[in-house]
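Chemist: this is a predicted model, with the sequence first.
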Amino acid sequence: REVGPRLEPRRPPLTQATPSREEFEALYRQYAGAVLRRAMRFYSRDEAEEVVHEVFMRVWETWGGFRGASSPMTWLYRVTTNHCLNRLRDSKRRAELLVEHHGSVPGVWQSAHDPEAGAFLRQIWSALEPELALIGVYHYVDGMTQDEIARVLDCSPRTVGNRLQAITAQARALAGLEVS
C-alpha cells in the first residue's frame, strides 16, 4: 500500500503569478487523479471530486507561491490535506474519519466502533491543534511512518514523535487517564 506523496525530483519555482492555460491543464491532467485519491481518504467520491476542483482553484490562486522546495506532487499532497482538514474542522467530522478508516491511537482510541468511543474521538479530534491534527491524520489514518511525515512536513522525525506523544497525552488527559 502506497502512503504519502510519491517523491519526485524537485522543480524550479514557478515565477509567474498565474499559469498559462497549457501549464495548468498539464498540472491538472498529471495530478488530478492523485488529488482525488487523497481527498477520498477524507470524503465520499462525490464530495472528493468537489474537493479536487476546490484544490485546483486554490492552486490557481497561489500558483506563484510554489517555491520549488519540493516536487509538485508533495506540494499538492499538502495543499489537499490542509484543505480537507479545514473542511473537516468546520464540520467536526475528524473523529468520524478515524472511525471510517479504522485508525487507532494506542490506548485510549482503540475502541473506535463503540458509540461512546466515537463520541469521545470526536471530542479529541476537534480539540487538537491543526498541526497535531495533520500529523495525526498522516500517522493514524494514512499509516505513514515518522520519517515519512518528517519529510512531508520538513521537520525532524523526533519532532513528529514528540507531536504523536502530545496527541496521545491529550487524548489520555481528556479521558481522565493518567498521563505518562
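Modeler: That came through fine.

Chemist: which residue ranges form the helices in the protein?
Modeler: Secondary structure of the chain (DSSP state H): helices at 21-39, 45-61, 72-91, 94-100, 115-127, 130-136, 146-153, 157-174.

Chemist: in a markdown table, list those helices along with mean pLDDT.
Modeler: Converted to a markdown table, the helices of the chain look like this (pLDDT from 0 to 100):
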| stretch | mean pLDDT |
| --- | --- |
| helix 21-39 | 92 |
| helix 45-61 | 91 |
| helix 72-91 | 82 |
| helix 94-100 | 52 |
| helix 115-127 | 68 |
| helix 130-136 | 85 |
| helix 146-153 | 88 |
| helix 157-174 | 90 |
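
Chemist: would TSV of the ones you listed with mean neighbour count be doable?
Modeler: Where C-beta positions appear, they are placed from N, C-alpha and C, glycine not excepted. Output for the helices of the chain, formatted as TSV (neighbours: other CB atoms under 10 Å):
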stretch	mean neighbour count
helix 21-39	15
helix 45-61	16
helix 72-91	18
helix 94-100	20
helix 115-127	16
helix 130-136	19
helix 146-153	18
helix 157-174	17
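
Chemist: ok, residues contacting stretch 26-42?
Modeler: 5-6, 19, 47-49, 51-52, 55-56, 59, 72-73, 76-77, 80-81, 84, 87-88, 97, 101, 141-142 (CB atoms under 8 Å, 6 or more residues apart in numbering).

Chemist: cool, stretch 49-62 as well?
Modeler: Residues contacting stretch 49-62 (CB under 8 Å, 6+ apart): 18-19, 24, 27-28, 32, 35-36, 39, 42-43, 76, 79-80, 83-84, 87.

Chemist: at 6 Å instead, please
Modeler: Contacts with stretch 49-62, where a contact means CB atoms under 6 Å, 6 or more residues apart in numbering, come from Tyr28, Ala32, Val35, Leu36, Ala39, Val79, Thr80, His83.

Chemist: tell me who's in contact with the last one.
Modeler: Applying CB under 6 Å, 6+ apart, one finds that His83 lies in contact with Val55.

Chemist: may I have stretch 59-74 exported as PDB, CA atoms only?
Modeler: Provided in PDB are the C-alpha atoms of stretch 59-74 (Å, rounded to 0.1, in the frame of the first residue of the first chain):
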ATOM      1  CA  VAL A  59      -3.500  26.100  -6.700                       C
ATOM      2  CA  TRP A  60      -4.500  28.600  -9.400                       C
ATOM      3  CA  GLU A  61      -4.800  31.400  -6.800                       C
ATOM      4  CA  THR A  62      -1.500  30.500  -5.100                       C
ATOM      5  CA  TRP A  63       0.500  29.500  -8.300                       C
ATOM      6  CA  GLY A  64       3.300  31.900  -7.600                       C
ATOM      7  CA  GLY A  65       3.700  30.600  -4.100                       C
ATOM      8  CA  PHE A  66       5.200  27.300  -5.200                       C
ATOM      9  CA  ARG A  67       8.900  27.800  -4.300                       C
ATOM     10  CA  GLY A  68      10.200  24.600  -5.800                       C
ATOM     11  CA  ALA A  69      11.500  23.300  -2.500                       C
ATOM     12  CA  SER A  70       9.600  20.100  -3.100                       C
ATOM     13  CA  SER A  71       8.000  18.300  -6.000                       C
ATOM     14  CA  PRO A  72       4.600  19.500  -7.300                       C
ATOM     15  CA  MET A  73       3.100  16.200  -6.000                       C
ATOM     16  CA  THR A  74       4.400  16.900  -2.500                       C
END
